[in-house]
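Participant: No sequence on hand, only this structure:
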C-alpha cells in the first residue's frame, strides 16, 4: 500500500511496482490518519511510506503504531534515515526512486516477513506440536513464557506493543494483533477495533451510547468497538440489530 500526500508520486511509484513480479498495489492514502484506516480495511503486507506529510507524518505513524506491516520509507529527504531505521524500517529510498533499488527493497521486505513467520512457527511447533494455535509466547529477559490463549479475554495494541492480561499482570507478546487475529479466529476471537481483539465467550455486556460501543468482559476489562465492527460483533453475539 502506498502512503504519500502527492498524488503524482503515488502514481509513479504504482507504475514502477506494476513492473515487478508478485506485487499488487492494494490501495493508497494521502496522510497518516488515512493510512491507519486503510491498513485496517485492506491489511496490506507492506507499506511504502512518505516521511513528510500534512497531519500525522510517516515517522510519527511508524513510531506510534506497532501494528503496521513492514515499512519502506520513500522520501525526497535524506536526513530522516536514522530515525526511520530506529522505527524498524526495512529500507529507505530517495526520490526519484530507481527501479532496481525498489526491487531490492521489496525483496528485503519479503525476506523479513518470511523470517518472522518462520521464527514464530518454530517456537510454536517446539512448544506444542499438537495444538500450537492456542499458544501465546512472550519473552522477558531472555526467558520464554507460554500462555493458553483460551484463558485470555482480550489482546490490545498500545503504541508499538501487543498486550494482554495474564497471571494478574500485563504481558507483552511479539506477535502483532493481525497475526493473533488470524491464528485465534477459530478459537472464538474477534477483532472489534483496530487495536482490540477479544474472545467472544468472555463477553459479559455490550454498552452502546450515542452510537459508540464498548464491550465489557467477564474479568472487568473494557474493549473499544469501532463503528465498522459493531454490526459484526452484534451478529457474532446473536444480538438483533437496533
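Facilitator: Arrived safely, thanks for sending. Only a predicted model underlies this, so the values are computations on that prediction, with no experimental measurement involved. Numbering: from 1, shown residues only.
Participant: Low-confidence stretches in the chain?
Facilitator: Applying pLDDT under 70 to the chain flags residues 117-132, 140-142, 240-242.
Participant: Tell me which stretches of it form helices.
Facilitator: 7-18, 32-42, 58-64, 81-86, 99-127, 177-184, 227-236 (DSSP state H).
Participant: closest to residue 153 out of these?
Facilitator: Of all the helices of the chain, helix 177-184 sits nearest to residue 153, with 12.0 Å by Cβ to Cβ. All C-beta spots, glycine's among them, are computed from the backbone N, C-alpha and C.
Participant: picking that back up, I'd like the helices of the chain as CSV, with distance to residue 135 and mean neighbour count appended.
Facilitator: Formatted as CSV, those follow (distance: least, Cβ to Cβ, whole Å; neighbours: other Cβ atoms under 10 Å):
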stretch, distance to residue 135, mean neighbour count
helix 7-18, 36, 15
helix 32-42, 26, 18
helix 58-64, 29, 21
helix 81-86, 31, 14
helix 99-127, 6, 14
helix 177-184, 9, 18
helix 227-236, 24, 15
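Participant: Just send those helices back as JSON lines, with distance to residue 48 too.
Facilitator: Below are those laid out as JSON lines (distance: least, Cβ to Cβ, whole Å):
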{"stretch": "helix 7-18", "distance to residue 48": "6"}
{"stretch": "helix 32-42", "distance to residue 48": "11"}
{"stretch": "helix 58-64", "distance to residue 48": "10"}
{"stretch": "helix 81-86", "distance to residue 48": "12"}
{"stretch": "helix 99-127", "distance to residue 48": "8"}
{"stretch": "helix 177-184", "distance to residue 48": "18"}
{"stretch": "helix 227-236", "distance to residue 48": "25"}
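Participant: mind checking which of those is nearest residue 208?
Facilitator: Residue 208 sits nearest to helix 227-236 of all the helices of the chain, at 8.0 Å, using Cβ to Cβ.
Participant: angle of that closest one against helix 32-42?
Facilitator: 30 degrees (axes from the mean of the first three to the mean of the last three Cα atoms, to 10 degrees).
Participant: Mind giving me the packing neighbours of helix 227-236?
Facilitator: Judged by 3 or more Cβ pairs under 8 Å, 6 or more residues apart in numbering; DSSP states H and E, helix 227-236 is in contact with strand 189-193, strand 212-217.
Participant: who touches it?
Facilitator: 40, 190-193, 200, 206, 211-213, 215, 225, 239-241 (Cβ atoms under 8 Å, 6 or more residues apart in numbering).
Participant: Could you tell me how far that helix lies from the centre of the chain?
Facilitator: Chain-centre distance of helix 227-236: 20 Å, with Cα atoms, centre = their mean, to the nearest Å.
Participant: Narrow the contacts of helix 227-236 to those that are buried.
Facilitator: Buried by 16 or more other Cβ atoms under 10 Å: 40, 190-193, 206, 213, 215, 225, out of these.
Participant: Out of these, the closest to residue 91 would be?
Facilitator: residue 40 (24.0 Å).
Participant: give me every residue that touches the residue nearest the centre of the chain.
Facilitator: Computing the C-alpha centroid of the chain and ranking residues by Cα atoms, centre = their mean puts residue 67 first, at 2.8 Å. The neighbourhood of residue 67, defined by Cβ under 8 Å, 6+ apart, consists of 39, 157, 162, 176-178, 194-195.
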